[in-house]
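[1] Give me coordinates for this.
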Amino acid sequence: MYKIFPILLFAYGLAVTTENIYDNSWALIIGIDKYENVKNLDYAVEDANSIKNLLVKQFSFPSENITLLLNKKATYIKIKKALSHVTRQANEKDRILIFFAGHGATIELPESGEMGYLLPSDGNKNDLFTTSIPMNDLKTISSMSKAKHVLFLIDACYGGLAATNTRGLDESSPGFLEKITRDKSRQIITAGGRGEEVIEKAEWGHSAFTLNLLRGLKDWMADVNMDGFITGEELGLFLKSRVTKDSDYQQTPQVRRFTSHEGEFVFINQGENIVIEKNKVAENELLNVVNENNPSEYKIDYDKLAKMIAIEMAKQQRKAKEEIAIANLVPEEERTEPKEEEPEPTYKINIGDSFTIGPEDAKVTIIEWFDYQ
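    Numbering: from 1, shown residues only. Just a heads-up that it's a prediction; the model follows:
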């Protein structure tokens, strides 16, 4: 057994926290495996539960602000009411995330074009207009909300997106972070387009879309440029690449905006799990460990500790980039799991200890200890 600790990292003048951008966070999460009138799915409920846990544990969404509708509870009426409720609750500095895992359908319009629908548990493909949720409703409900940022993550394939293909601001734009967090946004990412099917596999325990959504956010792989936050646009590009490959090009996510606003829904990693391994150099040359029997006898050398964390963070960032590169080049069936070396014991640091790290004087605070097997 060895110790790891979460840390809070703030780079003054450069980085922001979730609290700097949003006053509150809201979510509506829908997962439907069991349908009354169409074929069932296998992992939509598991997908929905996984996303809820991710939002609560990693992105500080209050659990009381999340509405979860699964199977029989995800009827046409209940989904409509939940959409209305969550958009009315949010205020001007709040964010809303709406996740749907289930069936989608598309119909051709008589003159031209097409209309996409989300099927609730009691939906009927032979009568979509009166039993299912049209894409236009998502656009309408998002425009009625006061929320600053609204993001739809739709794990269903369908056409008729009532949205534009407008790209957001370029990351090199002056004041990029300030602009995207100040301006409004209404963004949507769907699992695929018309004529495509949601790919699920038992070996994943998820759909291809949610599998990579979890990889991108939970494992932080969507933060390709390693700037500490993931925008809706960045997440969409990651999903578009990874889902297309993992589904053997059977589905390609669509990334759109409902309005011309240039803001971005933002995910900020609340902490880093950094493992500090014992160096081969003599212990007293690296770090003075607190003596539990006599706490006043030793003090932590924060300069040395900061260097150790900086080195470990750099290693983890390089490893993440390598994993992304390998995943993009090597087919899934040819990938092998890297062998993990048995870590040596780590040093004990007190909760509440703080120090600065890096050229921008980022502040690091130890907030919790826990054992990791």
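[2] hang on, His98 in a strand?
    Not His; residue 98 is Ile. Yes: under DSSP: H, G, I helix; E, B strand; the rest coil, Ile98 falls within a strand.
[3] Return the set of residues that bridge with it.
    Note on Ile98: beta-bridge partners by DSSP bridges are Leu28, Phe152.
[4] Surely it is in contact with His149?
    No: taking contacts as C-beta atoms under 8 Å, Ile98 lies outside contact range of His149: 11.7 Å. Where you see a C-beta, it was placed from the backbone N, CA and C, and this is true even at glycine.
[5] Look at the two and report which has more neighbours.
    Neighbour count, other C-beta atoms under 10 Å: between Ile98 and His149, His149 has more, with 28 against 23.
[6] contacting residues around that one?
    Neighbour list for His149: Tyr22, Arg95, Ile96, Lys184, Ser185, Gln187, Gly232, Gly263, Glu264, Phe265, Val266 [criterion: C-beta atoms under 8 Å, 6 or more residues apart in numbering].
[7] Which among the residues you listed count as buried?
    With burial judged by 16 or more other C-beta atoms under 10 Å, the buried subset of those is Tyr22, Arg95, Ile96, Lys184, Ser185, Gln187, Gly232, Gly263, Glu264, Phe265, Val266.
[8] related to what we said a few turns ago, okay, and which of the contacts of His149 map to strands?
    Arg95, Ile96, Ser185, Gln187, Val266 (DSSP state E).
[9] Tabulate these in JSON lines, adding columns for pLDDT and distance to His206.
    Listed next are the ones in strands among the contacts of His149 as JSON lines, based on pLDDT from 0 to 100; distance: C-beta to C-beta, whole Å:
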{"residue": "Arg95", "pLDDT": "96", "distance to His206": "24"}
{"residue": "Ile96", "pLDDT": "97", "distance to His206": "23"}
{"residue": "Ser185", "pLDDT": "92", "distance to His206": "26"}
{"residue": "Gln187", "pLDDT": "94", "distance to His206": "22"}
{"residue": "Val266", "pLDDT": "92", "distance to His206": "24"}
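[10] farthest-separated two in those residues?
    Spanning the widest gap among the ones in strands among the contacts of His149 are Ile96 and Val266, at 13.0 Å by C-beta to C-beta.
[11] Name the residues of the one helix or strand Arg242 maps to that are buried.
    Using DSSP states H and E, Arg242 sits in helix 232-246. Under the neighbour-count criterion of 16+ other C-beta under 10 Å, helix 232-246 has 232-246 buried.
[12] Quickly name whichever of those is closest to Phe258.
    Among those, and counting by C-beta to C-beta, the member closest to Phe258 is Gly232, at 11.7 Å.
[13] For Gly263, see how far away that closest one is.
    9 Å (C-beta to C-beta, to the nearest Å).
[14] Repeat that for Glu178.
    Distance from Glu178 to Gly263, by C-beta to C-beta: 11 Å.
[15] same deal with Phe61?
    Taking C-beta to C-beta, one finds Phe61 at 19 Å from Gly263.
[16] What of Glu92?
    From Glu92 to Gly263 the distance is 12 Å (C-beta to C-beta).
[17] Residue ranges in the stretch 1-150 of the chain under the pLDDT threshold?
    Applying pLDDT under 70 to the stretch 1-150 of the chain flags the ranges 1-16.
[18] give me the number of residues near Asp122?
    Neighbours of Asp122 (other C-beta under 10 Å): 18.
[19] does it really touch Thr75, like I thought?
    Yes: if you go by C-beta under 8 Å, Asp122 and Thr75 touch, sitting 5.0 Å apart.
[20] send the alpha carbons of stretch 134-153 over as PDB?
    This file holds the C-alpha atoms of stretch 134-153, laid out as PDB (Å, rounded to 0.1, in the frame of the first residue of the first chain):
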ATOM      1  CA  PRO A 134     -38.000  16.900 -31.600                       C
ATOM      2  CA  MET A 135     -34.700  18.500 -32.000                       C
ATOM      3  CA  ASN A 136     -36.300  21.900 -32.200                       C
ATOM      4  CA  ASP A 137     -37.400  21.500 -28.600                       C
ATOM      5  CA  LEU A 138     -33.800  21.300 -27.400                       C
ATOM      6  CA  LYS A 139     -33.000  24.500 -29.200                       C
ATOM      7  CA  THR A 140     -36.100  26.200 -27.900                       C
ATOM      8  CA  ILE A 141     -35.600  25.100 -24.300                       C
ATOM      9  CA  SER A 142     -32.000  26.200 -24.300                       C
ATOM     10  CA  SER A 143     -32.900  29.700 -25.600                       C
ATOM     11  CA  MET A 144     -35.500  30.000 -22.800                       C
ATOM     12  CA  SER A 145     -32.900  29.400 -20.000                       C
ATOM     13  CA  LYS A 146     -31.000  32.200 -18.300                       C
ATOM     14  CA  ALA A 147     -28.000  29.900 -17.900                       C
ATOM     15  CA  LYS A 148     -24.700  31.200 -19.300                       C
ATOM     16  CA  HIS A 149     -23.600  27.800 -20.800                       C
ATOM     17  CA  VAL A 150     -25.800  24.900 -21.900                       C
ATOM     18  CA  LEU A 151     -24.200  21.700 -23.300                       C
ATOM     19  CA  PHE A 152     -26.300  18.800 -24.700                       C
ATOM     20  CA  LEU A 153     -24.400  15.400 -24.900                       C
END
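[21] Buried residues, it. List them.
    Buried-residue list, stretch 134-153, by 16+ other C-beta under 10 Å: 134-135, 137-139, 141-142, 145, 147-153.
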